[in-house]
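Asker: Kindly generate the corresponding structure for this input.
(one chain, ligands or ions: 1)
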Amino acid sequence: MQKIKIVGTGSAIPPRIITNLDLEKMVNTSDEWIRERTGISERHIVDEKTATSDLVAESALVALKDAGLEAKDLGAIIVATASPDTAYPPTACWAQKKLNIPGIPAFDISAACTGFLYGLEIASGLVESGGYRNVLVSGAEVMSKIVNWEDRNTCVIFGDGASSVIVDKSDGESGIISSYLGADGTLGELLYQPAGGTRMPASQETIDKKLHTVHMKGTEVFKHAVRAMGGAAIRVLKEANLTSDDISLFIPHQANLRIVDATCRRAGISMDKTHTIIHKYGNVPAASIPLTLDDALRAGRIKRGDLLLFAAFGGGFTWGAMVLKW
Ligand code: ACO
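Answerer: The predicted structure follows:
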């Protein structure tokens, strides 16, 4: 077991809500279609001046308060995001500036919706073998600024938000029991932003064609997501010598409620043991898992000693799962 403990959690959700009824006025869609096909009723969206790092810093302050710590107690900042403030500096550095704690390492993880699990694994390594204390791991997204609001295939599913955890060493009771991360770059073009990087630098043409926004082959992504998340969940349970009956709560990445439902059926996990937030937040890629964790904690669904199962899937493709003893 990797002897780490999550000592504080906190979230930042922008106040502005866009409902499915609002979307009906923007694209050719309906509240009924969105709810039935995705499970989403509404999502939160930032205002014009808010960037991803603002949400990171806000959620970090809540997590620090929850842990009884101050910003100066942090040992490192890791931000998982698919919607960074800038290509560089990393969003983690912009958040560091906002928190006014120069000096400690700060970097981003680009692994789309799986980024938080990648970040937790790296934080665990920093704490266990690097001697770091109080590592901030934040999943944060401002998807509203990178989706095409005229494309009904994508704009209805995403939302904005951030959630942070603070990882420290444990007394030996809490920790990561098993963890598995995977990726397959051969399928990258099923879900990506074609332009704006070095492959296709931004030009008037890319802007006119909206090639810097999210492009997704939804049905293909759906199939891979169920297979990869279900497979990863089964694998970490097996490695931990556990069955789904031993798990107290399943915290999946939520891109679509039907993906969660199909993943649960594949891995033999009851929906009663699954905490979901997609109805109120939509798909908040790297923030989805920590937001769900924080929501479940505040709903009183988690107590010390519980066995939590996480599973994620996202652009890359990337995927992963983890069994964590709370
Ligand atoms: N409103 C109404 N109709 C729509 C909408 C909409 N918002 N979107 C699509 N449709 C239509 C399609 O045009 C299609 O119509 P047609 O049959 O006339 O061509 C029909 O509905 C069915 O479309 P599908 O794409 O097959 O719909 P599906 O049931 O697959 O749902 C969805 C689409 C919600 C996008 C689903 O495929 C999905 O959730 N995919 C996975 C998304 C995901 O996991 N993303 C990964 C994480 S994101 C990240 O990593 C950054």
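Asker: And the next helix or strand past the host helix or strand of residue 227?
Answerer: In this assignment (DSSP states H and E), residue 227 forms part of helix 218-239. As assigned by DSSP H and E, the chain's next helix or strand after helix 218-239 is strand 249-252.
Asker: hmm, that following strand in reach of the ligand?
Answerer: No. Using C-beta under 6 Å from any ligand atom, strand 249-252 stays clear of the ligand, coming no nearer than 11.1 Å. Any C-beta I mention is one placed from the backbone N, CA and C, and that applies to glycine too.
Asker: which other helices and strands contact that strand?
Answerer: helix 257-267, helix 288-298, strand 307-314 (3 or more C-beta pairs under 8 Å, 6 or more residues apart in numbering; DSSP states H and E).
Asker: Which of the residues in the helix holding residue 227 are classified as buried?
Answerer: For helix 218-239, burial by neighbour count (16 or more other C-beta atoms under 10 Å) applies to 218, 221-222, 224-226, 228-237.
Asker: Next: stretch 164-179.
Answerer: 164-170, 174-179.
Asker: With only the CA atoms kept, save it in CSV.
Answerer: C-alpha atoms of stretch 164-179 as CSV (Å, rounded to 0.1, in the frame of the first residue of the first chain):
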residue,chain,number,x,y,z
SER,A,164,-8.7,20.2,-5.0
VAL,A,165,-7.3,17.6,-2.6
ILE,A,166,-4.3,17.8,-0.3
VAL,A,167,-2.2,14.7,-0.1
ASP,A,168,0.1,14.0,2.9
LYS,A,169,1.7,10.9,4.4
SER,A,170,-0.5,8.6,6.4
ASP,A,171,-0.2,6.8,9.6
GLY,A,172,-0.4,3.5,7.7
GLU,A,173,-4.2,3.1,7.9
SER,A,174,-5.1,5.2,4.8
GLY,A,175,-3.5,4.8,1.4
ILE,A,176,-3.6,3.6,-2.3
ILE,A,177,-4.1,-0.1,-2.3
SER,A,178,-3.9,-0.6,-6.0
SER,A,179,-3.6,1.7,-9.0
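Asker: Numbering from 28 from now on, please.
Answerer: Okay, using 28 as the starting number, the last item reads as stretch 191-206.
Asker: what's the offset of it from the middle of its chain?
Answerer: Here stretch 191-206 is found 18 Å from its chain centre; the criterion is C-alpha atoms, centre = their mean, to the nearest Å.
Asker: pLDDT of it, averaged?
Answerer: In this model, stretch 191-206 has a mean pLDDT of 95.
Asker: Same question for stretch 167-176.
Answerer: 98.
Asker: residues making contact with that stretch?
Answerer: Outside stretch 167-176, the residues that touch it by C-beta atoms under 8 Å, 6 or more residues apart in numbering are 53-54, 72-73, 77-80, 82-83, 86, 106-110, 118, 181-182, 185-190, 220, 237, 239-241, 310-314.
Asker: Are it and the ligand in contact anywhere?
Answerer: No. On the criterion C-beta under 6 Å from any ligand atom, stretch 167-176 is out of touch with the ligand, staying 7.6 Å away.
Asker: which parts of that stretch are buried?
Answerer: Using 16+ other C-beta under 10 Å as the test for burial, stretch 167-176 gives 167-171, 173-175.
Asker: hang on, residue 261 packs against residue 291?
Answerer: No. With contact defined as C-beta atoms under 8 Å, residue 261 does not count as touching residue 291 (11.6 Å).
Asker: and the stretch 78-227 of the chain, which of its residues are near the ligand?
Answerer: So the stretch 78-227 of the chain meets the ligand at 109, 139-140, 179-180, 183-184, 218 (C-beta under 6 Å from any ligand atom).
Asker: from the residues you listed, which single one is nearest residue 129?
Answerer: Distance ranking of those against residue 129, using C-beta to C-beta, places residue 109 first at 26.0 Å.
Asker: Who are the contact partners of the nearest residue to residue 162 once chain neighbours are set aside?
Answerer: Excluding the flanking residues, the one nearest residue 162 by C-beta to C-beta, 6 or more residues apart in numbering is residue 150, at 4.2 Å. Counting by C-beta under 8 Å, 6+ apart, residue 150 touches 31, 103, 105, 162, 164, 194.
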